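> sharing a sequence plus its predicted fold:
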Amino acid sequence: MISFRVDGHSVVPPYLQIVQQVRQALRMGVLDVGDQLPTVREVVSATAINPNTVLKAYRDLEREGLVEARVGHGTFVKSRPPGPPPGTHTRLGRSLASWVRDARDAGLDDESIESLLRVTLRAPAEEEIA
Amino acid sequence: MTWLVWRQHRIQFLVGAALLAAFAVLIVITGAQVADQYHTAQAACAAGHGCQHPGGLFLGSHAIGFLIISTLGAPALVGLFVGAPLVAAEAEAGTTQFAWMQSITRKRWLTVKIGWMLLAAAVWGGVISALVTWWEGPNNAEQLNVFDPGRFDIMGIVPVAYSLFAVALGIAAGTLLRRTLPAIAVTLAGFIAVRTLIALLLRPHYMSAVTVFYKVTSGFTPAGSYWQLAQGVVGPNGQQLAQPNNINYIDGVPASSLPGACTQVSRGAFTPPASCTQALSHFRAFLTYQPADRYWTFQGIETGIFLILAAALIAVTAVTLLRRDA
Amino acid sequence: MNPIQEAPGRALPGPAAIETSGLTKRYGKVTALSGCTVSVPEGRICALIGPNGAGKTTLLRLLAGLSRPTAGQASVNGSTPRQDPAFLADIGYLAQEIPLYRRMSAADHIRVGAHLNPRWDAESVRERLTGLKIPLDRAVGKLSGGQRAQVALALILAKRPRLLLLDEPVAALDPLARRNFLGLLADAVAAGGLTVVLSSHLVADLERVCDHLIMLASSRVQLCGDIEDLLAEHQILTGPRKDTTALERSHRVVQVTRTPRQTTMLVRLNGPVIDPAFEASDVSLEELVLGYMGQDADPALARLTTVGEEQ
């Protein structure tokens, strides 16, 4: 069962954090089709956020077609977000971990690694525009 | 709500009950002895073995006697330790906020609390008075002094009214002052003041006193346990004579006001000369008193006064508390 | 009293749990609250924010019926606050001092509640407190401040009220206790049929758990509404130092800061912002609150919110 973490200081609004965490869990295979999402009461007890925030997140996910609410039973995963199967994420995650090890061995600190990642992420988009 | 009252005040209740029980045991045991002593003396007197004038005999030990007298203060105790903290302690601790947020109105909260405390006060006063009255039975019969101040206050029904008044005073003080210690002080001062004022200034006048004039040469003693308010001698001009301590008296008349013949009068052994008798006839003695048969009327009147005072204090408490912001 | 359904569709705004009009409270010459007109829909968790002395406690006590207004009206759960068992059964008020009988245990308090309330869920209190490892048989005076607050909240919830009025309930709690407390509150609201008004200085907590806001300052209402709507209605405009009269005419300026080169304004929007020299950015709840409290902002409040909030 997935448990959510809501960061009050993030620029990302709480409901969106939940949506993103569900999508990520689906991509990583932590959640599978047919699994039940935590009830509103469970989420709210654990994170001390407003119930309507959770409802909004679940509604958004439902609109995206990822989950479906069955009245009286709860909210269940309907389908996975489009993208490569969970295994891909795991594989890529592993190779990323080894790259990070290399980077650290080469003397980069975490801040340099993050900014390198950000620049790299932005680069292809700019190339396309150009 | 009754359960809450019990839970909050159970220590007070148990201490009070223990004190009453201890007092009762002491009184019952010693009182039985006193009654015994008394009946023995009476029997001896009746059988002609010599009446050890029981009137002069103080029955019972001095220690218990002292305890009996101190029950004069017993009603105040319930006012100080039960009445004063009732509302004040809760106001100080803020726990009224808790009680008043349960689904119970302030009126009901106050009614149940006050109701039980009044009952406790009445029981306290009543039990002590009953025990004291029973214990003092022989003394009362011999000394005929139940109507006297000090003894009137500790027997009969007035201790119940005093207790109710004390607890009502305590509750009112606690409600108005909202602090326990000042409320206790005010209750004590107020109780003493009111009791003293009423006993000294009002009680003699509940009914018009009876004044009887009689010859100085004879005596006059009203029947039973009368309450003597004043006595003296009136001269030929109708004015009351001063009776200082350091001069001689004959039948209550200063010797200086009488002819020399009177000074040889030794009562019982010598017939006074006619000039003396003549002079004495110009003087009269008087006694102002409340007759013994008014004892229960006076108890009733004083009880009524204190009950009215208690009711007024309860009304003040209720109005103050229910109108005030919580 | 339906629990929040896990079904599509925004929760429709229900009848107002609280509705006041011109509510005023004076103590002699001192005005504690003046002309307070607010509305809180059912099912909301409403934050009551304001500096000390702004009237928060006064408002809560008026709503609970603990004091009577000098002027104005209030409607709570559909009726005027008054001494009536039915009204009292539907509200729960927790004063800042956490009034409990210090020498009685939590179990004793549960029994008191059972005797004095028509609806009483004793089991819920025992469950909650056992779950938090708070001993039921120890005198409440011997528990820590945080534990006492938890006991008080659990007792209030056992009444099954429709409205909770909480006066600075987490002020004295450590961050973990605060989290547990607010989680408990949010869970109770999620279960349905409950509206909450809670006053606090700590905006970060409130932002997480509240969806409605009432802001008081100088004994008057400054803001009242859904937090989302309020945030959408306000923006921070940053731009060069220049004449802003045009802007000030079209929108309501809440607060302006001018440096030699820059002007920063917090505005309540009245339509789109047309001046291209100004860059508009979203405002956070904290900025909004501080902006409105600007005039009598207590310097201490600047520190208010970012107290070690861990996830």
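Happy to help now that I have it.
> rest of the way, CA atoms for contacts and neighbours
OK.
> and the end-to-end length of stretch B:147-162?
Using Cα to Cα, to the nearest Å, the span of stretch B:147-162 from its first residue to its last is 17 Å.
> in it, what's buried?
Within stretch B:147-162, the residues that qualify as buried are B:147, B:151-162, counting by 16 or more other Cα atoms under 10 Å in any protein chain shown.
> turn those into JSON lines, including pLDDT.
As requested, those are arranged in JSON lines below (pLDDT from 0 to 100):
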{"residue": "B:Phe147", "pLDDT": "95"}
{"residue": "B:Arg151", "pLDDT": "93"}
{"residue": "B:Phe152", "pLDDT": "96"}
{"residue": "B:Asp153", "pLDDT": "96"}
{"residue": "B:Ile154", "pLDDT": "95"}
{"residue": "B:Met155", "pLDDT": "95"}
{"residue": "B:Gly156", "pLDDT": "95"}
{"residue": "B:Ile157", "pLDDT": "96"}
{"residue": "B:Val158", "pLDDT": "97"}
{"residue": "B:Pro159", "pLDDT": "97"}
{"residue": "B:Val160", "pLDDT": "97"}
{"residue": "B:Ala161", "pLDDT": "97"}
{"residue": "B:Tyr162", "pLDDT": "97"}
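> just the ones of those residues in helices?
Secondary structure defined by DSSP state H assigns B:158-162 of the buried residues of stretch B:147-162 to helices.
> got the residues of the stretch 1-150 of chain C near chain B?
For the stretch 1-150 of chain C, the residues in contact with chain B (Cα under 8 Å from any Cα of the partner chain) are C:66-68, C:83-89, C:92-93, C:95, C:97, C:99-101, C:112-113, C:115-118.
> how about stretch C:151-163, does it reach chain A?
No - applying Cα under 8 Å from any Cα, one finds stretch C:151-163 out of contact with chain A, separated by at least 14.1 Å.
> centre-most residue in chain C?
With distances taken as Cα atoms, centre = their mean, the residue of chain C nearest its centroid is C:Ala47 (2.4 Å).
> now do the strands in chain A.
Counting by DSSP state E, residue ranges of the strands within chain A are A:67-70, A:74-77.
> which stretch among these comes nearest B:Thr277?
In terms of Cα to Cα, the element of these nearest to B:Thr277 is strand A:74-77, at 120.4 Å.
> who are the packing partners of that closest one?
Under the contact criterion of 3 or more Cα pairs under 8 Å, 6 or more residues apart in numbering or on different chains; DSSP states H and E, the helices and strands touching strand A:74-77 comprise strand A:67-70.
> return the set of buried residues in the strand it packs on.
The neighbour-count criterion (16+ other Cα under 10 Å) identifies A:67-69 as the buried residues of strand A:67-70.
> before we move on, what about stretch B:292-310?
For stretch B:292-310, the neighbour count (16+ other Cα under 10 Å) marks B:292, B:294-295, B:298-299, B:302-303, B:305-307, B:309-310 as buried.
> check stretch C:68-84 too.
Buried residues in stretch C:68-84, defined by neighbour count with 16+ other Cα under 10 Å: C:68-69, C:71, C:73-77, C:80-83.
> where does the prediction get shaky in the chain?
Using chain A. Regions of chain A meeting the criterion pLDDT under 70 cover residues A:124-130.
> think we crossed wires, I meant chain C
Judged by pLDDT under 70, the stretches of chain C that qualify are C:1-14, C:295-311.
> I'd like the distance from the helix or strand hosting the residue nearest to the centre of chain C to the chain centre, please.
When elements are defined using DSSP states H and E, C:Ala47 is found to belong to strand C:45-49. What separates the centre of strand C:45-49 from the centre of its chain is 2 Å, taken as Cα atoms, centre = their mean, to the nearest Å.
> could you list the paired strands of that strand along with their orientation?
Using DSSP bridges, the strands paired with strand C:45-49 in its sheet are strand C:195-199 (parallel), strand C:212-217 (parallel).
> chain A: which of the buried residues of stretch B:292-310 is nearest?
Closest to chain A out of these is B:Ala310 (54.3 Å), distances taken as Cα to the nearest Cα.
> skipping its backbone neighbours, what lies nearest the closest one in space?
In this structure, B:Ala310 finds its nearest non-sequential neighbour in B:Phe165, 4.5 Å apart by Cα to Cα, 6 or more residues apart in numbering or on different chains.
> I figured B:Gln231 was touching B:Gly252, is that so?
No - here B:Gln231 lies out of contact with B:Gly252, judged by Cα atoms under 8 Å, at a distance of 10.6 Å.
> tell me, how many residues neighbour residue 106?
You didn't say which chain, so I picked chain A. The number of residues packed near A:Ala106 is 9, by other Cα atoms under 10 Å in any protein chain shown.
> um, chain B though
B:Arg106 is flanked by 20 other residues according to other Cα under 10 Å.
> need the contact list for it.
The neighbourhood of B:Arg106, defined by Cα atoms under 8 Å, 6 or more residues apart in numbering or on different chains, consists of B:100, B:322, C:83.
> looking at this, the last one is in a strand?
No - when DSSP: H, G, I helix; E, B strand; the rest coil is applied, C:Gln83 is found to be coil, with no strand at that position.
> how about the helices in the stretch 201-311 of chain C?
Using DSSP state H, counting those that start in this stretch, the helices of the stretch 201-311 of chain C run over residues C:203-209, C:227-233, C:245-250, C:285-293.
> turn the ones you listed into TSV, including mean neighbour count and distance to chain B.
Converted to TSV, the helices of the stretch 201-311 of chain C look like this (neighbours: other Cα atoms under 10 Å in any protein chain shown; distance: least, Cα to the nearest Cα, whole Å):
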stretch	mean neighbour count	distance to chain B
helix C:203-209	22	25
helix C:227-233	15	29
helix C:245-250	12	44
helix C:285-293	19	29
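> for C:Arg128, what are its contacts?
For C:Arg128, the residues meeting the contact criterion (Cα under 8 Å, 6+ apart) are C:Ala154.
> could I have the lengthiest helix in chain C exported to PDB, CA atoms only?
Secondary structure of chain C per DSSP H: the longest helix is helix C:175-190. Below are the C-alpha coordinates for helix C:175-190, written out as PDB (Å, rounded to 0.1, in the frame of the first residue of the first chain):
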ATOM      1  CA  PRO C 175       5.900  19.500  16.000                       C
ATOM      2  CA  LEU C 176       5.200  15.800  16.300                       C
ATOM      3  CA  ALA C 177       2.300  16.300  18.700                       C
ATOM      4  CA  ARG C 178       1.000  19.100  16.500                       C
ATOM      5  CA  ARG C 179       1.100  16.800  13.500                       C
ATOM      6  CA  ASN C 180      -0.800  14.100  15.400                       C
ATOM      7  CA  PHE C 181      -3.400  16.500  16.600                       C
ATOM      8  CA  LEU C 182      -4.100  18.000  13.200                       C
ATOM      9  CA  GLY C 183      -4.200  14.600  11.700                       C
ATOM     10  CA  LEU C 184      -6.800  13.500  14.200                       C
ATOM     11  CA  LEU C 185      -8.800  16.600  13.400                       C
ATOM     12  CA  ALA C 186      -8.600  16.100   9.600                       C
ATOM     13  CA  ASP C 187      -9.600  12.500  10.000                       C
ATOM     14  CA  ALA C 188     -12.700  13.500  12.100                       C
ATOM     15  CA  VAL C 189     -13.700  16.000   9.300                       C
ATOM     16  CA  ALA C 190     -13.100  13.300   6.700                       C
END
